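Participant: here is my input; please provide its structure:
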Amino acid sequence: MLLGKDCTIHSIISHHKTDAILRRENTMRYDDREYIDRNLIESFERLMDFARKHLPDKFHLEGVQRISIRDKIFREVFQTS
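Facilitator: Numbers count the residues shown, from 1 in each chain. Below is the predicted model of the structure:
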């Protein structure tokens, strides 16, 4: 059901949403916010874009290949939540 079209999701599960909030300077207010009410595939992509926009990606080598630790961590976080 959550993999369907947006109109189907809104009609069946109208309360489905994800709020991505960034708080850095004043913790009582947010610096950036992303309100996501799409299907699960689009939600995952938008959450990953939000993490890429605001979080640094430290340099890490696995063997001879550079990998993105940030993407690996947040892929697991967003898939399990």
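
Participant: can you give me the strands in this protein?
Facilitator: Counting by DSSP state E, the chain has strands at residues 18-22, 32-36, 61-62, 65-66.

Participant: any chance of TSV for those, columns distance to residue 74, mean pLDDT and mean neighbour count?
Facilitator: No exception for glycine: its C-beta is placed from N, CA and C like everyone else's. Shown next, in TSV, are those (distance: least, C-beta to C-beta, whole Å; pLDDT from 0 to 100; neighbours: other C-beta atoms under 10 Å):
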stretch	distance to residue 74	mean pLDDT	mean neighbour count
strand 18-22	11	89	14
strand 32-36	13	89	13
strand 61-62	17	88	8
strand 65-66	17	90	8
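
Participant: nearest to residue 6, of those?
Facilitator: Of all the strands of the chain, strand 32-36 sits nearest to residue 6, with 11.0 Å by C-beta to C-beta.

Participant: how far away from the center of its chain is the closest one?
Facilitator: Averaged C-alpha coordinates place strand 32-36 at 9 Å from its chain's average position (C-alpha atoms, centre = their mean, to the nearest Å).

Participant: swap in stretch 33-44?
Facilitator: Worked out by C-alpha atoms, centre = their mean, stretch 33-44 lies 7 Å from the chain centre.

Participant: on that earlier part again, now for the strands of the chain, which one comes closest to residue 73?
Facilitator: Counting by C-beta to C-beta, residue 73 lies closest to strand 61-62 out of those; the figure is 13.8 Å.

Participant: can you list the strands that that closest one pairs with?
Facilitator: Paired strands of strand 61-62, with direction, are strand 65-66 (antiparallel) (DSSP bridges).

Participant: list the contacts of the partner strand.
Facilitator: 59-60 (C-beta atoms under 8 Å, 6 or more residues apart in numbering).

Participant: what's the helix of greatest length in the chain packed up against?
Facilitator: The longest helix of the chain (DSSP state H) is helix 40-54. On a contact count with 3 or more C-beta pairs under 8 Å, 6 or more residues apart in numbering; DSSP states H and E, helix 40-54 meets strand 18-22, strand 32-36, helix 69-80.
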